[in-house]
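# How does the following fold in three dimensions:
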Amino acid sequence: MSQYSFSYNYDSLDDAFNAVNRKGKMQQRYLSPEYLAAAQEYREMRAELNKILRKKKTERTEEETNKSEQLRQQMKDNAQLQKTLLQEHLSKVSSRILSSSFRFNLTPDVSKDPEKPVYTIGATAEEFFAMQVLCRNVKKLFRISMSSRHEILSQLKMLLREDKSWYYIIRTDVCHCFESIPHNKLFEYLEGNNLLDVKSKSLLRGLIRKEFEAKNLRPLVSTEETGIPRGCAISSLLSEFYLSKIDEELRRKLPGIVFMARYVDDIIIVIHPNLDDVHRWSLDDYVKALTDTYIEHGLKIHTPTDGTNKCYTYDSKNKKNLKFNLLGYTIQSIKGDKDKQGFFSLSKDRKKKIGDRITKTFQKFDSLLNTVPYDVAAHYLFDALHVLTCNINLYNAKRGVKVGIFYSNQLLDNVKDLEGLDQYLQYRCSQISLVGKVGVDPAKQLQIEATLKKQLRQVSFVKGFAMPHKRYKVKKIRLQMIKQSWV
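Next up, the predicted model:
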């Protein structure tokens, strides 16, 4: 089979289906009615079989025993039927993707943020599967891997605590990254690589240089032939691919780099200026070289003089203490205090985000008390607060991955930040009033309120952070509902 069709044949689409289905994210609208009917029939047979199997063998009737064997065979036949129906469907989808007339269709959405429209592809099986395979090809062939937030911060923390040398720090980010990437430069890198198949390159050209160029609303960057569609699955990969090329050039160009990392478009660089006796660049020299390199690639970064306070520079020879924000933390090194070198606190924005979620949780609880029984509202309140203050395991694709107050902030040194959140949490608890609530029996209102407040005193950020091994169990649908209440 030719390279042109190989990436988008049945086998590739089947791989994409299995990858998405394992995550529990396969939407029914991308599958055939015949396949969905067979899958539903299988689920019904499974439920009927499980009902029989829940009984002990000695308690089953002869009819139930025979029925269980019959169901097993029918399920086996049904599984084969599903496989056949899926193959027929994906083969047809593959043919349409491989046709010369196929293209992606973008729809902009400005409802969440008019300055940063989100673009979605068409809701067809062809566009969905083509995008899945395209992302897989680009990620695999260009070996794109997103940097780990925890790994970046761990390395930085160790460096700040152990490094006694003279150093510079530059912390900045790329201005309007998605909206600014120039098409010519991006496709110069893409087209110059022989690893990517012809069909994938054709799809990318059609998506970026034609469809997006025509639909781009350009609220932030008016320059034509720039930008990639925010919200589109392939865009984060293309951004990472493009910025990695700049990373490679910076590592070659800037002398004395001992640590350089980028998380999406956030950049942190630590430099030992005395490592290079030839150049001996000043901090301003490094900022200029960094800025010029991004400009050469059609992008801008925030600088110390642009008035945004989004760029931080530091020279360890200065008398002032180190203090800057990065990826949810405020990072400090206080001169003369060995215990405060690379000291991590929660950033102001991070604390505000958690505080806002506490507020919205209690507002949702108060609202529920007017529409549902007390037990239902209280169940939501405890679940939501435990998700905030405890640690949980993620479902499906991220099963086994731990998140929560400890695992999302495990480099935190300043426990006072958690004590402050606990104080606000208990303040909100003290403001609870069940007077006049539809779901509460007036005769028992005071007793229920007192019991609730007593139970809520056990909910604590400090305790959750100190006990990462204790993980709260919450169902997937429940977790989604809780997160939706924080929007």
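
# Now the nearest residue to A261 once chain neighbours are set aside: which helix or strand?
Among residues not flanking A261 along the chain, I152 sits closest, at 4.4 Å (Cβ to Cβ, 6 or more residues apart in numbering). Just so you know, the C-beta spots here come from the backbone N, C-alpha and C atoms, and that holds for glycine as well. Element membership for I152 (DSSP states H and E) is helix 149-162.

# what about the protein, any weak spots by pLDDT?
Across the chain, the ranges flagged by pLDDT under 70 are 1-6, 395-400.

# which helix is the longest one in it?
helix 62-98 (DSSP state H).

# other SSEs contacting it?
Helices and strands touching helix 62-98, by 3 or more Cβ pairs under 8 Å, 6 or more residues apart in numbering; DSSP states H and E, are helix 10-22, helix 33-53, helix 125-141.

# for these, which one ends up most surrounded?
When you average the neighbours per residue for each of the helices and strands packed on helix 62-98 (mean count of other Cβ atoms under 10 Å), helix 125-141 leads with a mean of 20.

# gap between the nearest residue to T172 once chain neighbours are set aside and A79?
Nearest non-adjacent residue to T172, counting by Cβ to Cβ, 6+ apart: C311, 4.2 Å away. As judged by Cβ to Cβ, to the nearest Å, C311 and A79 stand 58 Å apart.

# Of these two, which one has the most company?
C311 (20 against 13; other Cβ atoms under 10 Å).

# pretty sure that one contacts C175?
No - using Cβ atoms under 8 Å, C311 is not in contact with C175; the gap is 10.3 Å.

# Common neighbours of these two, please.
Listed as contacting both C311 and C175 by Cβ atoms under 8 Å, 6 or more residues apart in numbering are 301-302.

# ok but T330 is inside a strand, no?
Yes - under DSSP: H, G, I helix; E, B strand; the rest coil, T330 sits within a strand.

# State the number of residues packed around it.
Neighbour number of T330 under other Cβ under 10 Å is 19.

# Run a quick neighbour tally on P373.
Neighbour count of P373, defined by other Cβ under 10 Å: 13.

# What is the burial count for the residue lying closest to Y8 once chain neighbours are set aside?
The shortest distance from Y8 to any residue other than its chain neighbours is 4.9 Å, reached at I97 (Cβ to Cβ, 6+ apart). By other Cβ under 10 Å, 23 other residues sit near I97.

# Would you agree I97 is in contact with A130?
Yes - the pair I97 / A130 is scored as a contact, 4.8 Å apart, by Cβ under 8 Å.

# Need the residues touching each of these two.
Joint contacts of I97 and A130 (Cβ under 8 Å, 6+ apart) are Y8.

# I'd like the helices and strands packed on helix 62-98 laid out as JSON lines, including distance to M158.
Shown next, in JSON lines, are the helices and strands packed on helix 62-98 (distance: least, Cβ to Cβ, whole Å):
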{"stretch": "helix 10-22", "distance to M158": "35"}
{"stretch": "helix 33-53", "distance to M158": "50"}
{"stretch": "helix 125-141", "distance to M158": "29"}
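
# what about the ones you listed, which gets the closest to L71?
helix 33-53 (4.5 Å; Cβ to Cβ).

# That closest one: how far from the chain's middle?
Put simply, helix 33-53 sits 33 Å off its chain's centre (Cα atoms, centre = their mean, to the nearest Å).

# helices or strands up against it?
The contact analysis (3+ Cβ pairs under 8 Å, 6+ apart) places helix 33-53 against helix 62-98.

# Any buried residues in the helix it packs on, and which?
68, 71, 75, 78, 81-82, 85-86, 89-90, 93-94, 97-98 (16 or more other Cβ atoms under 10 Å).

# what is the orientation angle of that helix with helix 125-141?
Orientation check (axes from the mean of the first three to the mean of the last three Cα atoms, to 10 degrees): helix 62-98 against helix 125-141 gives 80 degrees.

# residues touching F129, list them.
Taking Cβ under 8 Å, 6+ apart, we find F129 in contact with 13, 16-17, 30, 90, 93-94, 97.
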